[in-house]
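1. coordinates only, sequence not included:
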């Protein structure tokens with residue numbers, strides 16, 4: 001028996017738990033969760049083989065409640081298990097509070113979670129600096145006294161959207177990421193939301209904050225305007241929660257990016273990519289000339305090494321970096337393959353892209369359908385992103401090359417799928433990555 005208790009009081013818990021606190025309840029409705037403790041359990045045989053409880057049998061589990069949460073712990077709480085194929089938590093059963101322990105019965109083992117749940121609505125926040133300048137890559141934190149806090153980052157238009165708990169009085173903080181000593185530059189009570197909505201925040205002028213606009217022209221290696229590509233700005237310690245850059249898609253050879261900074265550092269980097277010719281500029285160093293920096297002409301003449309690109313419902317997504325945010329893992333014993341990257345779209349929204357599944361043992365290349373975790377020894381693949389359900393999923397994956405370590409893995413995929421809200425989506429894309437192991 002391999003077991004680990006995940007304590008909400010442990011600051012490393014978000015790095016230990018699978019996925020995020022996003023769930024489907026027994027009625028099939030979307031929920032967000034507040035955890036009062038998790039338990040990870042694996043059963044192994046004497047030969048190392050994976051085991052689970054026999055069909056029709058159950059096991060009692062006990063999950064301790066942190067003393068700081070005992071005053072909010074209900075007498076009965078739903079149990080949720082993590083569905084590894086779908087990438088979110090699902091309600092199954094309940095536990096009762098006995099002393100400082102939640103006690104319940106489960107029919108299988110994986111990650112189990114004691115959580116109170118909340119109805120959700122969607123909220124979009126538009127962030128502007130005084131004078132009407134939209135601010136990119138700014139951290140917006142929403143705080144609930146019941147469900148703690150969540151943070152997201154504005155896209156190139158100064159907008160960030162996400163789910164929030166319904167009927168909760170909420171506080172909002174705005175951060176310039178890890179700049180300005182990590183201190184909030186704006187705070188406001190935004191009350192409660194019954195329905196989905198959108199609000200605008202105007203950051204008042206501050207002598208410690210400098211607004212920056214960076215403009216330029218982006219040309220191909222032949223000197224023509226880039227009509228399908230992007231320019232990307234990286235500044236200081238913007239690496240926070242996976243977001244490290246401000247990106248502007250290019251369709252006419254020109255770009256403009258707005259941000260704010262503090263006085264400590266006035267250096268930044270620019271990367272550009274020309275999709276049509278598969279060329280990049282490489283990382284170029286510049287210095288801000290506040291408040292407007294025109295960097296002149298960029299020219300893309302370096303070949304791209306690795307990339308992830310796809311189109312979902314007419315919106316293009318891509319990996320903004322050449323190699324820094326793309327990794328591959330392959331286990332030759334069970335033929336498990338995983339490719340992980342960071343992707344963004346034209347609005348600057350982004351997240352982790354995870355492609356994983358099991359290859360045929362005889363021939364790695366070929367056509368695969370969606371992986372089914374309920375089928376023993378099933379081969380196939382799954383995209384652990386996009387709010388994707390495995391039900392009615394017709395995506396086909398074609399592996400055209402599978403090289404040795406240091407050589408390329410190439411995959412193209414296309415098809416339809418339903419998200420967890422029952423909406424039909426269409427997707428097609430390509431993966432061109434170097435095999436790491």
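-> Happy to help now that I have it. A quick note: this is a predicted structure, and the numbers were derived from the prediction, not measured. Numbering: from 1, shown residues only.
2. what's the burial count for the closest residue to residue 404 other than its chain neighbours?
-> The spatially closest residue to residue 404, leaving aside those adjacent along the chain, is residue 435, at 6.8 Å (C-beta to C-beta, 6 or more residues apart in numbering). To be clear about C-beta, it is placed using only N, CA and C from the backbone, and glycine gets the same treatment. Per other C-beta atoms under 10 Å, the neighbour tally for residue 435 reads 18.
3. could you list the paired strands of the strand ranked longest in the chain along with their orientation?
-> Looking across the chain with DSSP state E, the single longest strand is strand 30-44. Partners of strand 30-44 in the sheet, by DSSP bridges, are strand 2-6 (antiparallel), strand 22-24 (antiparallel), strand 50-51 (antiparallel), strand 111-118 (antiparallel).
4. give me whichever of those is most buried.
-> strand 111-118 (a mean of 22; mean count of other C-beta atoms under 10 Å).
5. how about residues contacting that strand?
-> The contact list for strand 111-118, computed with C-beta atoms under 8 Å, 6 or more residues apart in numbering, reads 17-18, 21, 23, 25, 31-41, 61, 63, 65, 72, 74, 77-82, 89, 91, 95, 102, 104, 106, 146-147, 165-166, 168.
6. rerun that using 7 Å as the cut-off
-> Around strand 111-118, the neighbours that count as contacts under C-beta atoms under 7 Å, 6 or more residues apart in numbering are 18, 23, 25, 31-40, 61, 63, 74, 77-82, 89, 95, 102, 106, 147, 165-166.
7. next: stretch 392-402.
-> Contacts for stretch 392-402 (C-beta under 7 Å, 6+ apart): 364-370, 381, 408-418, 427.
8. one more time with 6 Å
-> 364-365, 367-368, 370, 381, 408-413, 415-418 (C-beta atoms under 6 Å, 6 or more residues apart in numbering).
9. my read: the residue nearest to residue 404 touches residue 409, true?
-> Yes - Residue 435 lies in contact with residue 409 (C-beta atoms under 6 Å); the separation is 5.3 Å.
10. that older thread, same list (the strands paired with strand 30-44) but as TSV, adding mean pLDDT.
-> Converted to TSV, the strands paired with strand 30-44 look like this (pLDDT from 0 to 100):
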stretch	mean pLDDT
strand 2-6	92
strand 22-24	89
strand 50-51	88
strand 111-118	90
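11. as JSON lines, these with distance to residue 197 would be great.
-> Formatted as JSON lines, the strands paired with strand 30-44 follow (distance: least, C-beta to C-beta, whole Å):
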{"stretch": "strand 2-6", "distance to residue 197": "33"}
{"stretch": "strand 22-24", "distance to residue 197": "20"}
{"stretch": "strand 50-51", "distance to residue 197": "46"}
{"stretch": "strand 111-118", "distance to residue 197": "17"}
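12. for residue 216, find the nearest of those.
-> strand 22-24 (38.7 Å; C-beta to C-beta).
13. that older thread, what is the most widely separated pair among the contacts of stretch 392-402?
-> Of all pairs in the contacts of stretch 392-402, the most separated under C-beta to C-beta is 408 and 418 at 31.8 Å.
14. quick one: pLDDT of residue 292?
-> In this model, residue 292 is scored at 89, pLDDT.
15. and the closest residue to it other than its chain neighbours, backbone torsions?
-> Residue nearest to residue 292 in three dimensions, not counting chain neighbours: residue 213, with 5.1 Å by C-beta to C-beta, 6+ apart. Dihedral pair for residue 213: phi -120, psi 130, per degrees, to the nearest 10.
16. dig out what residue 213 forms beta bridges with.
-> residue 258, residue 292.
17. thinking it is in contact with residue 293, fair?
-> No - Residue 213 is beyond contact range of residue 293, at 7.1 Å (criterion: C-beta under 6 Å).
18. the two: which is more packed in?
-> Using other C-beta under 10 Å as the criterion, residue 213 and residue 293 rank with residue 293 on top: 19 against 15.
19. centroid residue for the chain?
-> residue 351 (3.1 Å; C-alpha atoms, centre = their mean).
20. beta partners for it?
-> Beta-bridge pairing of residue 351 under DSSP bridges involves residue 343.
21. ok, back up a step: mind checking the pLDDT average for the longest strand of the chain?
-> 90.
22. what's in contact with stretch 2-21?
-> 33, 35, 38, 39, 40, 41, 42, 66, 82, 87, 88, 111.
23. to clarify, my last question referred to stretch 191-211.
-> Counting by C-beta under 6 Å, 6+ apart, 121-122, 124-130, 133, 167-169, 186, 260-261, 290-291 sit against stretch 191-211.
24. same deal with stretch 136-148?
-> Stretch 136-148 is touched from outside by 34, 118, 125, 127, 149-154, 156, 160, 164-165, 168, 170-171, 173-175, 177, 246, 258-259, with contacts defined as C-beta under 6 Å, 6+ apart.
25. kindly recompute the last result at 7 Å.
-> 32, 34, 118, 125, 127, 149-156, 158, 160, 164-165, 168, 170-177, 238, 240, 243, 246, 257-259, 348.
26. write the ChimeraX selection for whichever of those residues are buried.
-> Filtering those down to the buried ones (16 or more other C-beta atoms under 10 Å) takes a single ChimeraX command:
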select :32,34,118,125,127,150,151,152,153,154,155,156,158,160,164,165,168,170,172,173,174,175,176,177,238,240,243,246,257,258,259,348
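27. from the contacts of stretch 136-148, which ones fall inside strands?
-> 32, 34, 118, 125, 127, 149-153, 160, 164-165, 170-175, 246, 257-259.
28. returning to what we had before: name only those of the contacts of stretch 191-211 that count as buried.
-> The buried subset of the contacts of stretch 191-211 (16+ other C-beta under 10 Å) comprises 125, 126, 127, 129, 133, 168, 186, 260, 261.
29. common neighbours of residue 435 and residue 409, please.
-> 328, 403.
30. follow-up on the earlier one: got the angle for the longest strand of the chain vs strand 148-153?
-> For strand 30-44 against strand 148-153, the angle by axes from the mean of the first three to the mean of the last three C-alpha atoms, to 10 degrees is 100 degrees.
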